[in-house]
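Engineer: predicted model and sequence below, questions to follow.
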Amino acid sequence: MAILHSTTFCFSFVASLALIILDRTCSCLQFTYPSFDTPNKADFNFSAGSGIANGSLVITPSTGDISHRSGRVLYARETLKLWNSRRSALTSFRTEFVLNILPRNQTGEGMAFILTNNPELPTDSSGQWLGICNNRTDGDPKNRIVAVEFDTRMSVNETDGNHVGLDIDSIGSLDPYPLSNVSLILSSGADVQVRITYNSTEQVLVAILIQFDTTGAHYGSKAWSVDLSQFLFDDVYVGFAGSTGDFTELNQIKSWNFATIDDDITTERRHGRKVLLPLVAFILFAMSSFLVFLVWRRSTRKRRLAYRNLEKMIDAHGPVKFKLKELRSATANFSSSRKLGRGGFGTVYHGYLSSMNMEVAVKRVAANNKSSSNRGEQEFVTEVNTISKLSHRNLVKLIGWCHEGGELLLVYEYFPMGSLDKLLYGGARPAELTWERRYKIICGVASALEYLHHGSSSRILHRDVKASNVMLDEEYSARLGDFGLARVIHLDEVTHHSTQAVAGTRGYMAYECFFTGRASLDTDVYAFGVFVMEVLTGRSPSSSVTYHNRQQEHDHDGRRQPMYIVDWMWRHYGDGTVLEAADAVLGGAYDEAQVERAARLALACCHPSPRERPSMRTAVQVLVGGAPAPEPPFEKPAFVWPPDGKRQEIELPHVGVLFTGGQLSFCSMTSTSITGR
């Protein structure tokens, strides 16, 4: 502890002294948006029809008649200062964003990253004008706009319809760079990662583009010499513009970050630093080197020992061991633009392994999930060794792992279609998730769980079955993944796993979890039942639903009480209206017998008594027609705990158990009776 406190003091002193000596004055503009949500609207200026949808900035209108439209989206909280505060040098900057151009009616016309003093969208700027200018103002210095255009359709006087170019007060590109030469197609509908930097000292603007597809990564880069001060005033708006013509497309920005780079170093300061910095470095080195060395030596020894022990325990014939630098390179150093999702166990990034010529999903385990104890490492090793040996068509495959530099990383196969919840609750749901595909997904997840419970060499409890953990391949086959909460049971006679804290996701957790602290085959079955209801109804288990067919549902004030999905489904079943619970977007296009079978199976899986739930083996037989569908009671039974012995029923109307913040609490979730001893 003394070493740590002394080291902290030294580094605080270093930081303070460095700030005094290296003090710079700059006009900084910096922001980061890994994605975009409705609350972010206040941060931007939108032209008519532009906005935020599906986690992206929508540059041109995406609804209604989207032909011959143009749009602009500009950052509104602050402008970029073209000059530093001393007006001695131009401001350097860098920006990264992910653009996605999705054709609707062939392709047209493109979009651009813009720097401008005139934030208003020009009139008549659709078609080839990209929201930059129009046929009357093209080439006018009063436009005060510099743009890096991403053109997707050949216009007059152009030789390529797929290029990146520099536009100054005009739509005519200076020295455009064809992207087809590097197999990078802007209008393919695939994400394009863009990095633009401006070096004010060299007066060079550089654009770098990267696109991934099934054939690998495609790179393109272009540099232009440009003095921005010749074309722009001091207060510069940054953002995007785009347009459509006879042919239409969706122009979207999925993530965006921007930062200025301080170049305000005068000749006098440079000279002063040449004298002061070596002196300061020597003093600081003398003060801190010994302490840092001790801390480094101790931590390095522990890391090496832990790494060697872990490496020995991982099966040599199991998953691939990757180097940290390889996974950093594959994920662009875990760039926010590569982020696929985040859960309680860690963050998942999209990566490309050039050595294996394949796309992967790299899970970076969160710091609070890394165990420093030997027992924790042994559990992790057991999970990796076991899961890597699983072989089932409906399970996500673990490819490899990495434990280096304090990082714990897992590498899985990648599915471009993403997780089921994105389709289930996204705009593409009516067209893509037909009933046939939904039933296929339900059967796939059931088959995966049956394999984990009964078919693998070790009994495995998943403990987190839900739509966001189900990936889809191109054939809409389900792949159950995310084994961050999974546990292995080695002994055949053991049917549960004890935990010190209730683990799982609200809405999918069985009642008994909160009383026993145990995960079991039965709790996985319960979560599967909720999952089936979720897929069947298109409703989130964490959202309340109002039942409209029963007067008994009213409370003493005559108001309707909200219910959660299990109670809601049981009410429909009791009233004989299960078919009405099917997702409305299906429009009645479903196999009634299959809907009835799936609903009855889901209710049986969610029976309050774990002893009344079917096994996953039985569930699979029911789904494929090899066994009759269960016949759950028309009224939802009371929850009884413990299941044996004397008990007294306790009525808790409209109350459900919720585990939050490490404590057991109650919330308005269900209308279930809870019976206790």
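Structural biologist: Nice, I can see it.
Engineer: how much space between Thr434 and Ala581?
Structural biologist: Here the criterion is C-beta to C-beta, to the nearest Å. By it, Thr434 lies 17 Å from Ala581. Where C-beta positions appear, they are placed from N, C-alpha and C, glycine not excepted.
Engineer: show me the helices in the chain, by range?
Structural biologist: Counting by DSSP state H, the chain has helices at residues 2-21, 267-313, 324-330, 374-388, 420-424, 429-432, 435-450, 513-516, 521-537, 565-574, 592-605, 616-623.
Engineer: now the angle from the last one to helix 435-450?
Structural biologist: Per axes from the mean of the first three to the mean of the last three C-alpha atoms, to 10 degrees, the angle that helix 616-623 makes with helix 435-450 is 160 degrees.
Engineer: now for helix 616-623, which elements pack on it?
Structural biologist: helix 435-450, helix 521-537, helix 592-605 (3 or more C-beta pairs under 8 Å, 6 or more residues apart in numbering; DSSP states H and E).
Engineer: just put these in CSV and tack on distance to Ser243, mean neighbour count and mean pLDDT.
Structural biologist: Output for the helices and strands packed on helix 616-623, formatted as CSV (distance: least, C-beta to C-beta, whole Å; neighbours: other C-beta atoms under 10 Å; pLDDT from 0 to 100):
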stretch, distance to Ser243, mean neighbour count, mean pLDDT
helix 435-450, 36, 22, 95
helix 521-537, 40, 25, 94
helix 592-605, 45, 21, 96
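Engineer: I'd like these written out as CSV, with distance to Asn181 added.
Structural biologist: Listed next are those as CSV, based on distance: least, C-beta to C-beta, whole Å:
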stretch, distance to Asn181
helix 435-450, 39
helix 521-537, 45
helix 592-605, 51
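Engineer: how about those helices, which one is nearest Tyr237?
Structural biologist: Between Tyr237 and those, the shortest gap by C-beta to C-beta is with helix 521-537, which sits at 43.6 Å.
Engineer: angle of that closest one against helix 435-450?
Structural biologist: Using the same axes, to 10 degrees: helix 521-537 against helix 435-450 is 170 degrees.
Engineer: just to revisit the earlier point, which one of the helices of the chain has the poorest average confidence?
Structural biologist: Among these, helix 2-21 has the lowest mean pLDDT, at a mean of 48.
Engineer: what residues are up against Glu109?
Structural biologist: Taking C-beta atoms under 8 Å, 6 or more residues apart in numbering, we find Glu109 in contact with 126-128, 130, 151-153, 155, 242-245, 247, 249.
Engineer: just curious, which of these is nearest to Ala604?
Structural biologist: Glu249 (47.8 Å).
Engineer: can you list the domain ranges for this structure.
Structural biologist: When the chain is parsed with automatic domain parsing, its domains come out as 2-15+272-293, 30-263, 314-413, 420-631.
Engineer: for these, give me JSON lines that also has distance to Pro637.
Structural biologist: What follows is the domains of the chain, written out as JSON lines (distance: least, C-beta to C-beta, whole Å):
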{"stretch": "domain 2-15+272-293", "distance to Pro637": "57"}
{"stretch": "domain 30-263", "distance to Pro637": "41"}
{"stretch": "domain 314-413", "distance to Pro637": "31"}
{"stretch": "domain 420-631", "distance to Pro637": "5"}
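Engineer: which of those domains comes out lowest on mean pLDDT?
Structural biologist: Minimum mean pLDDT among the domains of the chain: domain 2-15+272-293, a mean of 57.
Engineer: distance between stretch 406-421 and the chain's centre?
Structural biologist: For stretch 406-421, the separation from the chain centroid amounts to 10 Å (computed by C-alpha atoms, centre = their mean, to the nearest Å).
Engineer: got the CA positions of it in PDB?
Structural biologist: Extracted in PDB, the C-alpha atoms of stretch 406-421 (Å, rounded to 0.1, in the frame of the first residue of the first chain):
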ATOM      1  CA  GLY A 406      -4.500  -7.800 -18.100                       C
ATOM      2  CA  GLU A 407      -7.000  -8.600 -20.800                       C
ATOM      3  CA  LEU A 408      -9.300 -11.600 -20.900                       C
ATOM      4  CA  LEU A 409     -10.700 -12.200 -24.400                       C
ATOM      5  CA  LEU A 410     -12.900 -14.800 -26.000                       C
ATOM      6  CA  VAL A 411     -13.100 -15.200 -29.800                       C
ATOM      7  CA  TYR A 412     -16.400 -16.500 -31.300                       C
ATOM      8  CA  GLU A 413     -17.700 -17.000 -34.800                       C
ATOM      9  CA  TYR A 414     -19.300 -13.900 -36.300                       C
ATOM     10  CA  PHE A 415     -22.900 -13.700 -37.600                       C
ATOM     11  CA  PRO A 416     -23.600 -10.600 -39.800                       C
ATOM     12  CA  MET A 417     -27.300 -10.800 -39.200                       C
ATOM     13  CA  GLY A 418     -26.800 -10.200 -35.500                       C
ATOM     14  CA  SER A 419     -29.000 -11.200 -32.600                       C
ATOM     15  CA  LEU A 420     -32.600 -12.100 -32.700                       C
ATOM     16  CA  ASP A 421     -33.800  -9.200 -30.600                       C
END
